[in-house]
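Q: missing the sequence, but the structure's below:
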């Protein structure tokens with residue numbers, strides 16, 4: 001992505017010594033199997049329809065819309081169902097993800113793979129990012145980074161991505177003060193952490 005004011009719908013977040021994450025910024029995302037030229041936001045390598053289900057933020061909550069077979073906590077979804085922290089969602093016969101809303105002050109959610117399925121490239125989890133994404137050592141962080149000394153927050157404001165942390169930051173090789181503006185290809189380094197954003201191409 002060029003250094004422009006428009007955010008991408010999706011990007012990868014690679015957190016050094018922690019893992020990789022598929023970050024979706026849209027209020028609604030389509031889950032399904034990968035297909036050339038398809039409009040699936042989260043393509044999962046599994047026995048799914050190309051457009052299997054849609055997850056969307058509804059105010060402070062989340063809904064899942066079944067376009068094909070979907071179960072929440074083992075119950076077949078007919079139409080739309082509300083999601084709660086800790087719910088197990090099953091798409092088709094075997095693709096299982098856990099839905100989590102770990103941070104009480106953020107509408108951002110996380111999908112963790114429970115079954116052996118995943119995305120390509122492989123990531124640890126899918127982040128459904130609302131206004132902020134919290135990384136840090138606490139259990140309520142969206143991305144738990146056990147060895148970090150504090151929190152790093154990626155947030156959006158006026159259709160831009162920013163980052164804040166305690167201590168000095170270096171973004172794309174330049175030392176900066178908060179708030180640090182990001183693009184979908186930024187590299188962020190602090191005294192005790194480093195992470196990279198990568199635009200999906």
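A: Ah, there it is. Computed from a prediction, not measured in an experiment: that's the story for all the values here.

Q: contacts, neighbours, all on C-alpha from now
A: OK.

Q: In contact with the spatially closest residue to residue 136 that is not a sequence neighbour, which residues are there?
A: Excluding the flanking residues, the one nearest residue 136 by C-alpha to C-alpha, 6 or more residues apart in numbering is residue 151, at 4.3 Å. Each residue near residue 151 by C-alpha atoms under 8 Å, 6 or more residues apart in numbering is listed here: 134-137, 165-166.

Q: And the residues you listed, which is the shakiest by pLDDT?
A: Of all the contacts of residue 151, residue 166 has the smallest pLDDT value, namely 84.

Q: one step back: of the contacts of residue 151, keep whichever come out buried.
A: Burial by neighbour count, 16 or more other C-alpha atoms under 10 Å: within those this picks out 134-137, 165.

Q: Between all of these, which two are at the greatest distance?
A: For the buried ones among the contacts of residue 151, with distances taken as C-alpha to C-alpha, the pair at the greatest spread is 137 and 165 (13.0 Å).

Q: Quickly list what's touching both of those two.
A: Any residue near both residue 137 and residue 165 by C-alpha under 8 Å, 6+ apart counts here, and that gives 150-151.

Q: Restricted to helices, list the contacts of residue 151.
A: Using DSSP state H to define helices, no part of those is located there.

Q: export those residues to a markdown table and tack on distance to residue 188?
A: Shown next, in a markdown table, are the contacts of residue 151 (distance: C-alpha to C-alpha, whole Å):
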| residue | distance to residue 188 |
| --- | --- |
| 134 | 15 |
| 135 | 13 |
| 136 | 15 |
| 137 | 18 |
| 165 | 10 |
| 166 | 13 |
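
Q: any idea which of those is closest to residue 70?
A: residue 134 (29.0 Å).

Q: ok, that closest one touching residue 143?
A: Yes: here residue 134 reaches residue 143: they are 6.6 Å apart, a contact under C-alpha atoms under 8 Å.

Q: Alright, that wraps it up for me.
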